[in-house]
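Chemist: generate a structure from the sequence data that follows.
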Amino acid sequence: MKILFAAPENAWGGFLGLIKTELPQHEFEASGRFGFESLKGYDVLIPTMSVVSKELLAKGNRLQLIQQCGAGLEGVDLQAAKDMNIRVANVPSDISGNADSVAELGIYLMLGLSRNFRKMAQSLVNRQTGTPSGRALSGKTVGLVGLGGIGRALARKLKVFDVHLMGIKRHDPQKAKTELGLEWAGTPEDMKELLSKSDYVILCLPLTPENRLMVGRQTFQAMKRDAFLINLSRGGLVDRDALEEALASKKIGGAGLDVFWEEPPDPNDPIFNYNVLATPHIAGATDVSIGGIVKAVAENIRRLERGQEPLYLKT
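Modeler: Alright, predicted model coming up:
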C-alpha cells in the first residue's frame, strides 16, 4: 500500500522513520509540509496537522483509511469521509502513553511559571543567587477544563503535589468527580465558578466548532489576577488578542502554551514578550508516547491490509 505522511519528513520525533521500520513492506511518502496537494494514488493518509477537506478527499481515487498519529481530528471533514466511505481512525491518548506525556509537560509549564522562569534566567545573568522566590504548588487550586485522557492523567499525577482539583466535563461530571477524587466538578455552564477559584486553568479538551475561541475576554475577566492559563489542547480554543490584552494588563499572571493560534508561531510575536512559557507543540513527543502511537498506527494499517476493521474508528 502507498501511504502519505502529511508533514515534514522529520516531524513528530521521527515518527515516519519509526513507522517505516515497523512496516517495511509498504511505500511511505512525506508531503514535506503540514498539507498536501492531492490524495490520488494513496491508500492511507496520516494527516498530522493538515486540513483534509471534502475537495481534497474527492481527489483520492483509492483512499481507504485516514489514520491520525494521535487523537486530534479537527482538521478532517468527517462527514465528507463518511459519505465517501473512507474510514477515519485515531489513536486515543490514553492507550498510547500520550496522555501521560502531555500531562507531564503540563506540570512542567505549571512549575516553570510558578517558580518564575524569566527572573531565574535573569538572576543567572546577573550572578545573583537565592532569587527569585516562587510559588509552591501545595495548597493551590487547579481547574482542569476537560476530563478525557489528558485531564485524567493530570488529575492522577497532580495529587502528589497536594493541590485542590476542580474539573469541567460536558457529560456526567459527578461521575468523573468520584472516579478521580476531585473536590468539585461541573459542566461547561459552570465554567465561571472554576475560573474564579483556580490558580491554574488547564485546557485539555478537543477543539470543536462549538468551543473554538471559548477562552476570550470574559474568561480572563473571571480568572484570578495571579492565575495562570495553560493550553495543552489546540490553539484555536484561545482568542490570541484577548490573551495578549490579559497579559499586558496583568489580568492574569501568565500563560503556558504548547499550542498556538498558528503553527509554527511567529517567534517575534509580541505576545512572547509577556510572561509566557512556550514549548513547540511537543507535549506528546516522548519516547513512550511516540512508541505507543507507532504500534497503534501500524496495527491499523496491518488490519486494513488483512481486510479487518481498523480500531478506534470515527467514521
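Chemist: got the contact list for the residue lying closest to residue 311 once chain neighbours are set aside?
Modeler: Closest residue in space to residue 311, ignoring its immediate chain neighbours: residue 300 at 5.8 Å, by Cβ to Cβ, 6 or more residues apart in numbering. For glycine as for every other residue, the C-beta is placed from the backbone atoms N, C-alpha and C. Residues near residue 300 by Cβ atoms under 8 Å, 6 or more residues apart in numbering: 65, 67, 89, 310, 311, 312.
Chemist: how far away is residue 300 from residue 241?
Modeler: Applying Cβ to Cβ, to the nearest Å, the value for residue 300 to residue 241 is 40 Å.
Chemist: for residue 152, same thing?
Modeler: Taking Cβ to Cβ, one finds residue 152 at 32 Å from residue 241.
Chemist: neighbour count winner among those two?
Modeler: Shown here are residue 152 and residue 241; by other Cβ atoms under 10 Å, residue 152 has more neighbours (22 against 12).
Chemist: which one is the more buried one nearest to, not counting chain neighbours?
Modeler: Counting by Cβ to Cβ, 6+ apart, the residue nearest residue 152 is residue 180, at 6.3 Å.
Chemist: correct me, but that neighbour touches residue 148?
Modeler: No - Residue 180 is beyond contact range of residue 148, at 11.6 Å (criterion: Cβ atoms under 8 Å).
Chemist: what is the neighbour count of the residue nearest to residue 50 when sequence neighbours are not counted?
Modeler: Leaving aside its chain neighbours, residue 50 sits nearest to residue 6 (4.0 Å; criterion: Cβ to Cβ, 6+ apart). Residues lying near residue 6 (other Cβ under 10 Å) number 27.
Chemist: got a list of what residue 6 touches?
Modeler: 31, 34, 35, 36, 45, 46, 47, 48, 50.
Chemist: check the secondary structure at the residue lying closest to residue 234 once chain neighbours are set aside for me.
Modeler: Closest residue to residue 234 in three dimensions, ignoring its sequence neighbours and counting by Cβ to Cβ, 6+ apart: residue 207, at 3.8 Å. Put simply, residue 207 is coil when judged by DSSP: H, G, I helix; E, B strand; the rest coil.
Chemist: shouldn't residue 207 be in contact with residue 238?
Modeler: No - counting by Cβ under 8 Å, residue 207 stays clear of residue 238, with 10.2 Å between them.
Chemist: more neighbours: these two, which one.
Modeler: Shown here are residue 207 and residue 238; by other Cβ under 10 Å, residue 238 has more neighbours (25 against 20).
Chemist: what residue is smack in the middle of this structure?
Modeler: residue 233 (3.1 Å; Cα atoms, centre = their mean).
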